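> coordinates only, no sequence provided:
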């Protein structure tokens, strides 16, 4: 049996999110003054556009209205995506970040910024950008070597489609 409100909400809402072809990434209940805010973060391998977010938001709102999962008090439901600089915590997050630049905090200490080229069950194939005119190098990084990982925003990044044209 679930013991926390977040666990109960996850059990209630995850099947609805999954039925919309999305993954439930995060649930948080925060107090803002006298009001409460239920934040639900969803994503998928193909991303989540505004229409999909709106659809799942309506589904979740209806389900929450049918139950007392949020109690009797007033609350606001916010449904969104993880954002540009999302932390990578699950295998599927790394798969979705292929071709993206990521900043790694290494378990042995230190940092590494590299582009993810491939992902398998054991770890990542990376391209480490060259410094001061040097060529990029390849590196293999196993999941146990990663303490934290976060996608980096790239303003001048060329899209693969542009490069192939």
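Nice, thanks for sending it over. In this text, all values refer to a predicted model and were calculated from it rather than measured experimentally.
> name the residues that touch stretch 20-33?
5-6, 9-10, 13-14, 17-18, 36-44, 48, 52, 55-56, 59, 70, 75, 82, 92 (Cβ atoms under 8 Å, 6 or more residues apart in numbering). For every residue, glycine as well, the C-beta is placed using N, CA and C.
> same question for stretch 87-100.
With Cβ under 8 Å, 6+ apart as the criterion, stretch 87-100 contacts 23, 43, 45, 86, 102, 115-119, 121, 124, 148-152, 154, 160.
> before we move on, the earlier item: what about the contacts of stretch 20-33, which are in helices?
Among the contacts of stretch 20-33, the ones falling in helices (DSSP state H) are 5-6, 9-10, 13-14, 17-18, 52, 55-56, 59, 92.
> name only those of those that count as buried.
For the ones in helices among the contacts of stretch 20-33, a burial check counting by 16 or more other Cβ atoms under 10 Å picks out 9, 10, 13, 17, 52, 55, 56, 59.
> residue boundaries of the strands in the protein?
Using DSSP state E, the strands of the chain run over 23-32, 35-43, 75-80, 101-106, 111-119, 123-128, 137-142, 146-151.
> listing partners with orientation, what would you give for the third one?
Put plainly, it is strand 75-80. Applying DSSP bridges, strand 75-80 is found paired with strand 35-43 (parallel).
> next up, the contacts around residue 5.
So residue 5 contacts 29, 69 (Cβ under 8 Å, 6+ apart).
> from residue 15, how far off is it?
Applying Cβ to Cβ, to the nearest Å, the value for residue 5 to residue 15 is 18 Å.
> repeat for residue 32
Counting by Cβ to Cβ, the gap from residue 32 to residue 15 is 28 Å.
> ok, residue 114 next?
Taking Cβ to Cβ, one finds residue 114 at 37 Å from residue 15.
> count of residues packed around residue 82?
17 (other Cβ atoms under 10 Å).
> correction: the previous question concerned residue 101.
Residue 101 is flanked by 16 other residues according to other Cβ under 10 Å.
> ok, now residue 49?
Quick note: residue 49 (other Cβ under 10 Å) scores 11 neighbours.
> measure it to residue 121 for me?
From residue 49 to residue 121 the distance is 30 Å (Cβ to Cβ).
> of residue 114 and residue 15, which one has the most company?
The neighbour count for residue 114 versus residue 15, taken as other Cβ under 10 Å, is higher for residue 114 (22 against 11).
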